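>>> Sequence plus the predicted model coming up.
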Amino acid sequence: MIGEYPPILGGVASHLSDLSKALTDLGHEVHIVTYGFSHDNVHGVRTINFPFLRGSSFVLGASSLTKKIVERYNFDLIHAHYVLPQGLVGAIAKRAVKKPLIITSHGTDLLILGKNYFYRQLIRRIGNYSDKFIVVSEALKKKAIELKIKPKKLICIPNGVDLKKFSPNQVTSFRKELNLKDEAIVLFVGSLVENKGVDLLIQAFLSVAKTFKNAKLVIVGDGPLKSKLEKLATKLKGSAIFTGYRTDVPQILTAVDVLVLPSRSEGLGEVLLEAMASGKPVVATNVGGIPELVKNFENGIIVEPENPSELAGAIISILSNPDLAKKLSESGLKFVKKFGWDAVANEVIKVYGEVLAM
């Protein structure tokens, strides 16, 4: 596999970690080509590190060693996560060593890079050069077709969630750490980038804070917009808490009242599955693959994007109505059971079998 891997933080790194662990548990051998300082042989997964390389330098560095890497480990296939730059490395590897290539798009590559003419051409060429192209939602599949990736190559396999790690039974000291007791906590977890819509959540929280005087908005994550968002949050007069990246998200989720994902665009929204598995109600926007996970007023509340007032109304509805919050939480727990990593890994293995039989 080619992609981000712990200790790199973020959804894709977690995805690779969980998927590779599930694959090794099922008896398969997994090696990760990555650009972080990853630990070797964790859960039986070996890593091949390019710690100082990014973007085009990663493409050149990893590609130059592809043949030697494949000869040493005798891989059967290559699985790249993201089209660029990881899929480009995979395409060069496929050409050099004649091994099948699978690419998984997690959303940003198609939804954000796909807006640029040059990147669109690269995405189309690399996607059609792959043997199979996995997308994590039906919405992303439509986007891939729009970008002229051949439909016969496309298959939808949603993200998984670790149902042992994310559960309502996690012991947590997060409230104590923040010196909070009975205050309502509204949580965001994700990268602080434009498409995540955190600025909209901060605007919405102005209304929430008027209704719930002691409510706190906790923003977990980091990114290029952090300083800008912190400045915007000064309007909340201390009601917003920026924690930076955290590795204890399962414990944090157990401590909060509602998880909000106010995205402008989204491939699927894995944090929604994590929140549901933790027994928490969710509020999210009607974009990308989110409606495939959140059924309005069944296991969460869906609002229109770019609408802080509607976002605030949904949050207030949950915080002011314990019966509604309980209903959404219980439905979410039932819904998320089908997204366990064993089930997802077996779907991926089927794709591996298909390309190896070609």
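Sure thing, it's come through.

>>> now stretch 201-216: mean pLDDT?
Stretch 201-216 carries an average pLDDT of 96.

>>> Report the distance from it to the chain centre.
26 Å (Cα atoms, centre = their mean, to the nearest Å).

>>> Now do the spatially closest residue to Met1 that is not a sequence neighbour against Ser105, distance only.
Excluding the flanking residues, the one nearest Met1 by Cβ to Cβ, 6 or more residues apart in numbering is His79, at 4.7 Å. Placement of C-beta: from N, CA and C, glycine included. With distances taken as Cβ to Cβ, to the nearest Å, His79 is found 12 Å from Ser105.

>>> repeat for Pro158
12 Å.

>>> Ile102 is in contact with the residue nearest to Met1, correct?
Yes - here His79 reaches Ile102: they are 4.6 Å apart, a contact under Cβ atoms under 8 Å.

>>> Please name the spatially closest residue to the residue nearest in space to the middle of the chain (chain neighbours excluded).
In the chain, the C-alpha nearest the mean C-alpha coordinate belongs to Gly11, at 3.5 Å (Cα atoms, centre = their mean). Spatially, and ignoring its direct neighbours in sequence, Gly11 is nearest to Glu270 (5.3 Å; Cβ to Cβ, 6+ apart).

>>> Repeat that for Ala345.
Using Cβ to Cβ, 6+ apart and skipping the chain neighbours, the partner closest in space to Ala345 is Ala22 (3.7 Å).

>>> Next, the contact list for the one you found, please.
160, 341-342, 344-345 (Cβ atoms under 8 Å, 6 or more residues apart in numbering).

>>> Looking at these, which are in helices?
In this view, the contacts of Ala22 that belong to helices under DSSP state H are 341-342, 344-345.

>>> can you redo these as JSON lines with distance to Gly238 and pLDDT?
Below are the ones in helices among the contacts of Ala22 laid out as JSON lines (distance: Cβ to Cβ, whole Å; pLDDT from 0 to 100):
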{"residue": "Trp341", "distance to Gly238": "39", "pLDDT": "93"}
{"residue": "Asp342", "distance to Gly238": "44", "pLDDT": "90"}
{"residue": "Val344", "distance to Gly238": "41", "pLDDT": "94"}
{"residue": "Ala345", "distance to Gly238": "44", "pLDDT": "95"}
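
>>> Out of the residues you listed, flag the one nearest to Gln170.
Proximity of these to Gln170 (Cβ to Cβ) peaks at Trp341, which lies at 17.4 Å.

>>> Pretty sure that closest one sits against Leu19.
Yes - counting by Cβ under 8 Å, Trp341 does reach Leu19; the two are 6.9 Å apart.

>>> got any residues that touch both of these two?
Gly160.

>>> low-scoring stretches of the chain, by residue?
36-44, 49-68, 70-71 (pLDDT under 70).

>>> Quick one: end-to-end length of stretch 260-269, please.
11 Å (Cα to Cα, to the nearest Å).

>>> Out of the contacts of Ala22, which end up buried?
Using 16 or more other Cβ atoms under 10 Å as the burial test, these include 160, 341, 344-345 as buried.

>>> got TSV for the residues you listed, with distance to Leu236 too?
Output for these, formatted as TSV (distance: Cβ to Cβ, whole Å):
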residue	distance to Leu236
Gly160	35
Trp341	37
Val344	38
Ala345	42
